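# After the sequence you'll find the predicted model.
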Amino acid sequence: FRKRRNQEKFPIIVKFVESEWRLCYYTIMFLYGLFALYDKSYFWDVKETMLNYPYHVLTPEIHWYYMVQLGYYTASSIWIFYEVKRSDFKVLLGHHISTVSLLVFSYLTNFHRIGAIVLLLHDIADCWMEAAKICKYINKNLASEVLFSIFFVVWIATRLTYFPFWVIWTTIKLGPVENGIYPGYVIMNGFLLVLQILHIYWFCLIVKIAVQVKSHGRLFKDCRSESELSDESTHITKSNLIHKKNYHVKQTSLKDSDDVQYDNNNNDKLNHVYQRSTHCIQLDNRLN
């Protein structure tokens, strides 16, 4: 059913609405995450996420932060079958499942400090990506390229630098010091490492898009969307075909018009010769 449905092209308005919805959600959740975490000591010093574990108090704002995010990623795991087709459908589905598993496990095992920071790091990068896509859909190419550049820098800073070298390193290094190596420690770090592998995979796609922007001077597609590129490529191909067809028709029309003009000139000449011949015959008849 999904493959049959994806044979149809999605109009730009559908992609625009999806990106606008995600932009609103990520922006609101990022701001709420800042509100919930800014006064927490572990927000400023990630090492405190593992100190005195598991005796961490779950505050109401973190509880609701978790509940809303869990609801969103659970719904996304289902809605992914109905939204615009992605080139990495399986990878994105795996990301949603890993995120839901991480949220549930960290909530049940009192790893909510690490979980809240991970959520905040993810939301800040996604805001810029969706904003860049929206500008692309409304043909604001310069704004789209600027926003994509910001997204590129934020992605590197949060998901390829802070997340692996601060968050994951802290859980791996300090986790055994506080409580030793136990199943929950292994499972938690396993989920974090899976997310980091996905970050690296998507970064390769982002670099590909960055090279595309530098080469062509415009942003072609979302790094996770196959349909956007195919639609635009199809549009470009159709435009080229139409241009070639119009050019051919124009040339054919010019050629036909030249042929008609040439035939008309020949007909005029023949008529002129015929008239002169007729006039000469009439003169000869009169003289005779």
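Yep, that arrived. All of these numbers come straight from a predicted model, not from anything done at the bench.
# Which residue ranges of the protein form helices?
Using DSSP state H, the helices of the chain run over residues 2-5, 12-37, 41-44, 60-79, 89-108, 112-137, 141-157, 169-179, 183-216, 226-287.
# Now tell me which of those the model trusts least on average.
When the helices of the chain are ranked by mean pLDDT, helix 226-287 comes last with a mean of 52.
# how many neighbours does the nearest residue to I172 once chain neighbours are set aside have?
Nearest residue to I172, sequence neighbours excluded (C-beta to C-beta, 6 or more residues apart in numbering): N189, at 5.9 Å. For glycine as for every other residue, the C-beta is placed from the backbone atoms N, C-alpha and C. Neighbours of N189 under the rule other C-beta atoms under 10 Å: 16.
# next one: Y72
19.
# any idea how far it is from K136?
Distance of Y72 to K136, given as C-beta to C-beta, to the nearest Å: 24 Å.
# what does Y65 give?
Counting by C-beta to C-beta, the gap from Y65 to K136 is 30 Å.
# Could you do F35 as well?
30 Å.
# Compare neighbour counts for the two and give me the winner.
The neighbour count for F35 versus K136, taken as other C-beta under 10 Å, is higher for K136 (26 against 11).
# Just give me the neighbour total for the closest residue to the more buried one other than its chain neighbours.
Nearest residue to K136, sequence neighbours excluded (C-beta to C-beta, 6+ apart): S144, at 4.3 Å. Using other C-beta under 10 Å, S144 has 21 other residues around it.
# My read is that S144 contacts E130, right?
No - judged on C-beta atoms under 8 Å, S144 makes no contact with E130 at a distance of 11.3 Å.
# Any idea how many residues pack against H199?
20.
# which residues touch it?
159-160, 163 (C-beta atoms under 8 Å, 6 or more residues apart in numbering).
# Which ones among those residues map onto strands?
Within the contacts of H199, no residue falls in strands by DSSP state E.
# Out of these, which comes closest to P54?
F163 (22.2 Å; C-beta to C-beta).
# now that closest one: how far from K133?
23 Å.
# Those two: which is more packed in?
The neighbour count for F163 versus K133, taken as other C-beta under 10 Å, is higher for K133 (26 against 20).
# Can you get me a residue count around the closest residue to the more buried one other than its chain neighbours?
Here the nearest residue to K133 in space, its sequence neighbours aside, is S19; by C-beta to C-beta, 6+ apart that works out to 4.5 Å. As a burial measure, S19 scores 22 neighbours (other C-beta under 10 Å).
# Can you verify my assumption that S19 contacts W128?
No - counting by C-beta under 8 Å, W128 is not a contact partner of S19; they are 11.8 Å apart.
# Quick check: chain neighbours aside, which residue is closest to Y42?
Spatially, and ignoring its direct neighbours in sequence, Y42 is nearest to E48 (3.9 Å; C-beta to C-beta, 6+ apart).
# Going by neighbour count, which residues of stretch 55-74 are buried?
56, 61-62, 65-66, 69-70, 72-74 (16 or more other C-beta atoms under 10 Å).
# Of these, which is the nearest to V207?
Lowest distance from V207 to the buried residues of stretch 55-74 (C-beta to C-beta) belongs to Y73, with 25.8 Å.
# Identify the residues contacting the closest one.
Y73 neighbours (C-beta under 8 Å, 6+ apart): 96, 99-100, 103.
# what's the distance between M129 and L205?
In this view, M129 and L205 are 11 Å apart by C-beta to C-beta.
# between the two, which one's more packed in?
Just comparing M129 and L205: by other C-beta under 10 Å the higher neighbour count belongs to M129, 24 against 16.
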